[in-house]
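**Student:** the sequence isn't on hand, but the structure is:
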């Protein structure tokens, strides 16, 4: 189902009191068809995701991937000032050279965090950009419940 298109709404025969109602009928029908497309576009492909009773979008209507279309950063900005991720975060490994290239290009931003595949004397580590340099956070021992 295609989403409504305002270009299909013609008001030529509807914008003056002297317009002939018989000629306006086709324009009104086309406008109502577009309205029906919008209504029927709820919860359908190329339509709009509905909100549930809690005013949330159910998982079945969320995409598996969100990609910025302009090459700009993708920003999640919670009104509370905190973005909570309830599961594991998977960081794409980057090499020291890749992280340093971000810094050189001016694309690294203070507070950036990365998983570096070779940043601790060739070993894996986390890295945080402090506004001037990528600083390593060495990985410790394997996790254990006791």
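**Tutor:** Alright, I've got the coordinates. Keep in mind the model is a prediction, meaning the values are calculated, not measured.
**Student:** use CA for all of it now, contacts and neighbours both
**Tutor:** Will do.
**Student:** for this structure, what's the longest helix?
**Tutor:** Counting residues, the longest helix in the chain under DSSP state H turns out to be helix 21-40.
**Student:** can you give me the buried ones in that one?
**Tutor:** 24, 27-28, 31, 34-35, 37-38, 40 (16 or more other Cα atoms under 10 Å).
**Student:** now do it: which elements does it pack against?
**Tutor:** For helix 21-40, there is no helix or strand it packs on, judged by 3 or more Cα pairs under 8 Å, 6 or more residues apart in numbering; DSSP states H and E.
**Student:** how about the contacts made by residue 68?
**Tutor:** Residue 68 sits next to residue 74 when contact means Cα atoms under 8 Å, 6 or more residues apart in numbering.
**Student:** now do the longest helix of the chain: everything it contacts.
**Tutor:** By Cα under 8 Å, 6+ apart, helix 21-40 touches 1-6, 8-11, 13-14, 47.
**Student:** tell me the least confident of those?
**Tutor:** Within the contacts of helix 21-40, residue 1 has the lowest pLDDT, namely 58.
**Student:** any stretches of this structure with poor pLDDT?
**Tutor:** Applying pLDDT under 70 to the chain picks out residues 1-2.
**Student:** tell me where it has strands.
**Tutor:** Secondary structure of the chain (DSSP state E): strands at 113-120, 123-129, 134-138.
**Student:** sweet, I'm off.
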